[in-house]
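Participant: mind looking at a prediction? Sequence and model below.
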Amino acid sequence: METNTATELDLRSLSALVYEDLKRRLNEGSLRPGQFIDLSALGRELGMSRTPLRDALIRLELEGFVRAYPRRGVMVRALDLADIRDIYQILGALEASAAVKAEGRFGSEDADRMDQLVATMEKTLASDDFADFYAANLAFHDVYLDLSDNRDLVRTVRTLKERLYDFPRRTSFVKEWELASAAEHVEIAARFRAADFQAAATCIRDVHWSYEAQERFIRKYYFASGGSTGADR
(Lines give C-alpha, C1' and ligand atoms only; values in the text may rest on other atoms or scores of the structure.)
Protein backbone atom coordinates (compact mmCIF):
# COMPACT_ATOMS: atom_id res chain seq x y z
CA MET A 1 0.00 0.00 0.00
CA GLU A 2 2.79 2.44 0.91
CA THR A 3 4.60 1.64 -2.34
CA ASN A 4 1.48 2.29 -4.38
CA THR A 5 0.88 5.56 -2.56
CA ALA A 6 4.46 6.68 -3.16
CA THR A 7 4.16 5.79 -6.85
CA GLU A 8 0.95 7.81 -7.16
CA LEU A 9 2.61 10.79 -5.48
CA ASP A 10 5.59 10.52 -7.83
CA LEU A 11 3.31 10.42 -10.87
CA ARG A 12 1.38 13.46 -9.64
CA SER A 13 4.63 15.33 -9.09
CA LEU A 14 5.89 14.41 -12.55
CA SER A 15 2.56 15.40 -14.07
CA ALA A 16 2.77 18.80 -12.35
CA LEU A 17 6.29 19.30 -13.72
CA VAL A 18 5.17 18.42 -17.24
CA TYR A 19 2.16 20.73 -16.90
CA GLU A 20 4.34 23.67 -15.88
CA ASP A 21 6.82 22.93 -18.67
CA LEU A 22 4.05 22.87 -21.28
CA LYS A 23 2.60 26.13 -19.91
CA ARG A 24 6.05 27.70 -20.20
CA ARG A 25 6.27 26.59 -23.83
CA LEU A 26 2.84 28.04 -24.53
CA ASN A 27 3.84 31.32 -22.93
CA GLU A 28 7.11 31.55 -24.84
CA GLY A 29 5.47 30.59 -28.12
CA SER A 30 7.51 27.45 -28.78
CA LEU A 31 4.13 25.68 -28.81
CA ARG A 32 1.93 27.74 -31.11
CA PRO A 33 -1.85 27.86 -31.52
CA GLY A 34 -2.93 25.37 -34.18
CA GLN A 35 0.17 23.23 -33.72
CA PHE A 36 -0.11 19.51 -32.97
CA ILE A 37 2.10 18.39 -30.10
CA ASP A 38 4.51 15.55 -30.92
CA LEU A 39 3.91 13.50 -27.80
CA SER A 40 6.60 10.93 -28.55
CA ALA A 41 9.25 13.58 -29.13
CA LEU A 42 8.13 15.51 -26.05
CA GLY A 43 8.27 12.39 -23.91
CA ARG A 44 11.80 11.65 -25.09
CA GLU A 45 12.90 15.23 -24.53
CA LEU A 46 11.53 15.30 -21.00
CA GLY A 47 12.66 11.75 -20.26
CA MET A 48 9.22 10.78 -19.00
CA SER A 49 6.71 8.06 -19.60
CA ARG A 50 3.35 8.66 -21.29
CA THR A 51 1.44 8.62 -17.99
CA PRO A 52 2.53 11.98 -16.51
CA LEU A 53 2.47 13.52 -20.00
CA ARG A 54 -1.08 12.29 -20.57
CA ASP A 55 -2.21 13.54 -17.15
CA ALA A 56 -0.72 16.99 -17.80
CA LEU A 57 -2.43 17.20 -21.20
CA ILE A 58 -5.78 16.18 -19.70
CA ARG A 59 -5.46 19.07 -17.25
CA LEU A 60 -4.51 21.48 -20.04
CA GLU A 61 -7.49 20.33 -22.09
CA LEU A 62 -9.87 20.85 -19.17
CA GLU A 63 -8.50 24.39 -18.83
CA GLY A 64 -8.97 25.04 -22.55
CA PHE A 65 -5.34 25.30 -23.64
CA VAL A 66 -5.28 22.22 -25.87
CA ARG A 67 -7.77 19.94 -27.61
CA ALA A 68 -7.41 16.20 -28.18
CA TYR A 69 -8.56 14.79 -31.52
CA PRO A 70 -9.10 11.01 -31.88
CA ARG A 71 -6.44 9.41 -34.09
CA ARG A 72 -4.92 12.84 -34.80
CA GLY A 73 -3.32 13.89 -31.54
CA VAL A 74 -3.35 16.93 -29.27
CA MET A 75 -3.46 20.42 -30.75
CA VAL A 76 -2.77 23.76 -29.10
CA ARG A 77 -6.03 25.70 -29.21
CA ALA A 78 -6.24 29.07 -30.91
CA LEU A 79 -8.47 31.76 -29.47
CA ASP A 80 -11.24 33.02 -31.71
CA LEU A 81 -13.83 35.72 -31.07
CA ALA A 82 -16.30 33.21 -29.64
CA ASP A 83 -13.73 32.03 -27.09
CA ILE A 84 -12.86 35.59 -26.11
CA ARG A 85 -16.51 36.61 -25.83
CA ASP A 86 -17.23 33.65 -23.55
CA ILE A 87 -14.14 34.25 -21.41
CA TYR A 88 -15.08 37.92 -20.96
CA GLN A 89 -18.58 36.97 -19.85
CA ILE A 90 -17.24 34.48 -17.30
CA LEU A 91 -14.56 36.84 -15.99
CA GLY A 92 -17.09 39.65 -15.65
CA ALA A 93 -19.47 37.49 -13.66
CA LEU A 94 -16.80 35.99 -11.40
CA GLU A 95 -14.91 39.21 -10.70
CA ALA A 96 -18.15 41.11 -10.08
CA SER A 97 -19.14 38.45 -7.56
CA ALA A 98 -15.76 38.78 -5.83
CA ALA A 99 -16.16 42.57 -5.72
CA VAL A 100 -19.56 42.33 -4.01
CA LYS A 101 -18.25 39.76 -1.54
CA ALA A 102 -15.34 42.07 -0.64
CA GLU A 103 -17.72 44.12 1.52
CA GLY A 104 -16.67 43.83 5.15
CA ARG A 105 -13.17 42.73 4.16
CA PHE A 106 -11.98 45.58 1.95
CA GLY A 107 -10.20 48.31 3.93
CA SER A 108 -8.47 51.62 3.42
CA GLU A 109 -5.11 49.89 2.94
CA ASP A 110 -6.65 47.97 0.03
CA ALA A 111 -7.94 51.21 -1.48
CA ASP A 112 -4.45 52.71 -1.11
CA ARG A 113 -2.96 49.68 -2.83
CA MET A 114 -5.37 50.07 -5.75
CA ASP A 115 -4.47 53.75 -6.12
CA GLN A 116 -0.76 52.90 -6.09
CA LEU A 117 -1.25 50.31 -8.81
CA VAL A 118 -3.29 52.72 -10.94
CA ALA A 119 -0.43 55.22 -10.65
CA THR A 120 2.00 52.49 -11.71
CA MET A 121 -0.18 51.62 -14.69
CA GLU A 122 -0.28 55.25 -15.80
CA LYS A 123 3.49 55.61 -15.35
CA THR A 124 4.27 52.47 -17.34
CA LEU A 125 1.98 53.54 -20.16
CA ALA A 126 3.81 56.85 -20.38
CA SER A 127 7.01 54.92 -21.05
CA ASP A 128 5.36 52.23 -23.21
CA ASP A 129 6.37 49.54 -20.69
CA PHE A 130 3.65 47.00 -21.36
CA ALA A 131 5.21 44.23 -19.25
CA ASP A 132 5.04 46.30 -16.07
CA PHE A 133 1.61 47.64 -17.04
CA TYR A 134 0.38 44.06 -17.37
CA ALA A 135 1.83 43.10 -13.99
CA ALA A 136 0.23 46.11 -12.28
CA ASN A 137 -3.09 45.37 -14.01
CA LEU A 138 -3.15 41.81 -12.67
CA ALA A 139 -2.11 42.98 -9.20
CA PHE A 140 -4.93 45.56 -9.17
CA HIS A 141 -7.58 42.88 -9.65
CA ASP A 142 -5.82 40.63 -7.15
CA VAL A 143 -6.48 43.20 -4.42
CA TYR A 144 -10.12 42.18 -4.23
CA LEU A 145 -9.73 38.65 -5.59
CA ASP A 146 -7.34 37.84 -2.75
CA LEU A 147 -10.08 38.78 -0.28
CA SER A 148 -12.28 35.99 -1.64
CA ASP A 149 -12.48 32.72 0.26
CA ASN A 150 -13.70 31.00 -2.93
CA ARG A 151 -10.44 29.51 -4.18
CA ASP A 152 -12.11 27.82 -7.15
CA LEU A 153 -13.37 31.21 -8.34
CA VAL A 154 -9.92 32.78 -8.03
CA ARG A 155 -8.21 29.83 -9.73
CA THR A 156 -10.70 29.95 -12.63
CA VAL A 157 -10.18 33.70 -13.09
CA ARG A 158 -6.41 33.33 -13.22
CA THR A 159 -6.53 30.43 -15.64
CA LEU A 160 -8.84 32.31 -17.99
CA LYS A 161 -6.55 35.34 -17.91
CA GLU A 162 -3.66 33.10 -18.88
CA ARG A 163 -5.67 31.94 -21.86
CA LEU A 164 -6.32 35.53 -22.89
CA TYR A 165 -2.89 37.00 -22.38
CA ASP A 166 -0.28 34.23 -22.15
CA PHE A 167 -1.17 32.20 -25.22
CA PRO A 168 1.56 33.13 -26.05
CA ARG A 169 2.50 36.31 -24.18
CA ARG A 170 2.43 39.18 -26.64
CA THR A 171 5.11 41.83 -26.69
CA SER A 172 3.03 44.46 -28.50
CA PHE A 173 -0.08 46.19 -27.23
CA VAL A 174 -2.83 48.58 -28.27
CA LYS A 175 -2.01 51.74 -26.34
CA GLU A 176 -5.46 53.24 -26.92
CA TRP A 177 -6.95 50.19 -25.20
CA GLU A 178 -4.58 50.35 -22.25
CA LEU A 179 -5.26 54.06 -21.75
CA ALA A 180 -8.98 53.32 -21.69
CA SER A 181 -8.33 50.40 -19.34
CA ALA A 182 -6.35 52.61 -16.97
CA ALA A 183 -9.28 55.04 -16.85
CA GLU A 184 -11.61 52.14 -16.04
CA HIS A 185 -9.32 51.12 -13.19
CA VAL A 186 -9.47 54.66 -11.81
CA GLU A 187 -13.27 54.40 -11.76
CA ILE A 188 -13.26 50.95 -10.20
CA ALA A 189 -10.81 52.05 -7.51
CA ALA A 190 -12.96 55.10 -6.69
CA ARG A 191 -16.04 52.93 -6.23
CA PHE A 192 -14.17 50.54 -3.96
CA ARG A 193 -12.83 53.44 -1.87
CA ALA A 194 -16.39 54.76 -1.52
CA ALA A 195 -17.40 51.29 -0.30
CA ASP A 196 -19.93 51.08 -3.14
CA PHE A 197 -19.21 47.46 -3.93
CA GLN A 198 -22.28 46.98 -6.11
CA ALA A 199 -21.24 49.91 -8.29
CA ALA A 200 -17.71 48.53 -8.49
CA ALA A 201 -19.13 45.16 -9.54
CA THR A 202 -21.29 46.78 -12.21
CA CYS A 203 -18.31 48.62 -13.69
CA ILE A 204 -16.23 45.44 -13.67
CA ARG A 205 -18.94 43.34 -15.31
CA ASP A 206 -20.64 45.80 -17.67
CA VAL A 207 -17.65 47.87 -18.79
CA HIS A 208 -14.26 46.40 -17.98
CA TRP A 209 -15.13 42.79 -18.85
CA SER A 210 -17.89 43.58 -21.33
CA TYR A 211 -17.11 42.03 -24.68
CA GLU A 212 -19.44 44.50 -26.40
CA ALA A 213 -17.71 47.47 -24.75
CA GLN A 214 -14.23 46.18 -25.56
CA GLU A 215 -14.78 44.50 -28.94
CA ARG A 216 -13.14 47.19 -31.07
CA PHE A 217 -9.96 46.87 -29.00
CA ILE A 218 -10.12 43.08 -28.91
CA ARG A 219 -10.16 42.94 -32.70
CA LYS A 220 -7.16 45.26 -32.93
CA TYR A 221 -5.17 43.37 -30.30
CA TYR A 222 -5.83 39.78 -31.34
CA PHE A 223 -6.57 39.95 -35.05
CA ALA A 224 -4.94 43.04 -36.55
CA SER A 225 -2.41 40.79 -38.35
CA GLY A 226 -5.19 38.99 -40.18
CA GLY A 227 -5.77 36.09 -37.82
CA SER A 228 -9.09 34.26 -37.66
CA THR A 229 -12.02 36.22 -36.27
CA GLY A 230 -14.53 33.45 -36.68
CA ALA A 231 -17.41 33.64 -34.26
CA ASP A 232 -17.90 29.89 -34.27
CA ARG A 233 -15.52 27.22 -33.03
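Facilitator: Arrived safely, thanks for sending.
Participant: please count neighbours and contacts with C-alpha atoms only from this point.
Facilitator: Will do.
Participant: hang on, isn't Tyr211 packed against Gln89?
Facilitator: Yes. Contact criterion Cα atoms under 8 Å: Tyr211 and Gln89 qualify, at 7.2 Å.
Participant: who has more neighbours out of these two?
Facilitator: A side-by-side neighbour count of Tyr211 and Gln89, using other Cα atoms under 10 Å, places Tyr211 first with 21 against 15.
Participant: follow-up on the earlier one: between Tyr211 and Gln89, what contacts are shared?
Facilitator: Between them, Tyr211 and Gln89 share no contacting residue under Cα atoms under 8 Å, 6 or more residues apart in numbering.
Participant: what bits of this structure have low per-residue confidence?
Facilitator: By pLDDT under 70, the weakly predicted segments of the chain are 1-12, 225-233.
Participant: wouldn't His185 be in contact with Val118 here?
Facilitator: Yes. At 6.6 Å, His185 and Val118 qualify as touching, with contact defined as Cα under 8 Å.
Participant: work out for me the element Arg105 sits within.
Facilitator: Under DSSP states H and E, no helix or strand contains Arg105.
Participant: helix, strand, or coil at the closest residue to it other than its chain neighbours?
Facilitator: Distance criterion Cα to Cα, 6 or more residues apart in numbering; nearest residue to Arg105, sequence neighbours excluded, is Leu147 at 6.7 Å. Three-state call for Leu147 (DSSP: H, G, I helix; E, B strand; the rest coil): coil.
Participant: next, count neighbours for Leu147.
Facilitator: Using other Cα under 10 Å, Leu147 has 18 other residues around it.
Participant: the protein: helices as residue ranges?
Facilitator: In the chain, the helices defined using DSSP state H lie at 2-28, 39-46, 50-62, 81-101, 108-126, 130-145, 151-165, 175-193, 197-203, 211-223.
Participant: how about these in a markdown table, adding distance to Pro70?
Facilitator: Shown next, in a markdown table, are the helices of the chain (distance: least, Cα to Cα, whole Å):
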| stretch | distance to Pro70 |
| --- | --- |
| helix 2-28 | 21 |
| helix 39-46 | 14 |
| helix 50-62 | 14 |
| helix 81-101 | 22 |
| helix 108-126 | 45 |
| helix 130-145 | 37 |
| helix 151-165 | 23 |
| helix 175-193 | 40 |
| helix 197-203 | 42 |
| helix 211-223 | 29 |
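Participant: of the ones you listed, which is nearest Met75?
Facilitator: Proximity to Met75 (Cα to Cα) singles out helix 50-62 among the helices of the chain, at 9.6 Å.
Participant: which secondary structure elements does that closest one contact?
Facilitator: Where contact means 3 or more Cα pairs under 8 Å, 6 or more residues apart in numbering; DSSP states H and E, helix 50-62 is packed against helix 2-28, helix 39-46, strand 66-69.
Participant: repeat the analysis, applying 7 Å as the threshold.
Facilitator: Applying 3 or more Cα pairs under 7 Å, 6 or more residues apart in numbering; DSSP states H and E, we find helix 50-62 packed against helix 2-28.
Participant: having no further points to raise, I will conclude here.
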